[in-house]
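> the sequence isn't on hand, but the structure is:
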């Protein structure tokens, strides 16, 4: 249903890079959101209020106070999101087999040639 709607405007998800990105985002974005949410919860609201009382706009208070204090949590969420996305196999295999990503290549080599041919690609993923 959604694929047809996007197909009408020229965007294809099946067997395309857009499909790979959507599949990876679908499974990994919660890691970033949860981590960022926890980081922003740790920011003391009083610091933002002080910045606002000293004349900072809401955007300035966010970019100069909240974002720098939550930065580590956002970076940690990005790392977890990347790791979860790169390990995604099932959704990508079903939605966008080609262009092939590394986890799908490991699977294909293992199924076709066996463990000896899948091992080099798997080692690259582990590194």
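Received the coordinates, thanks. This structure is a prediction, so every number in the text was calculated from the model and none was measured.

> buried residues, the helix or strand where residue 84 lies. List them.
Element membership for residue 84 (DSSP states H and E) is helix 67-87. Neighbour-count burial for helix 67-87, counted by 16 or more other CB atoms under 10 Å, picks out 69, 70, 73, 76, 77, 80, 81, 84, 85. In this view, the C-beta of every residue, glycine as well, is placed from N, C-alpha and C.

> ok, now which ones touch residue 97?
Contacts for residue 97 (CB atoms under 8 Å, 6 or more residues apart in numbering) come out as 15, 104.

> swap in residue 18?
With CB under 8 Å, 6+ apart, residue 18 has these contacts: 11, 12.

> what ranges does this protein have for its helices?
Assignment of helices within the chain using DSSP state H yields the ranges 2-8, 17-41, 45-53, 58-61, 67-87, 90-95, 102-113, 115-126.

> could you chop the protein up by domain?
Following automatic domain parsing, the chain resolves into domains at 2-96, 99-127.

> can you redo those domains as a markdown table with mean pLDDT?
As requested, these are arranged in a markdown table below (pLDDT from 0 to 100):
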| stretch | mean pLDDT |
| --- | --- |
| domain 2-96 | 91 |
| domain 99-127 | 90 |
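
> give me the nearest residue to residue 19, chain neighbours excluded.
Nearest residue to residue 19, sequence neighbours excluded (CB to CB, 6 or more residues apart in numbering): residue 96, at 3.4 Å.
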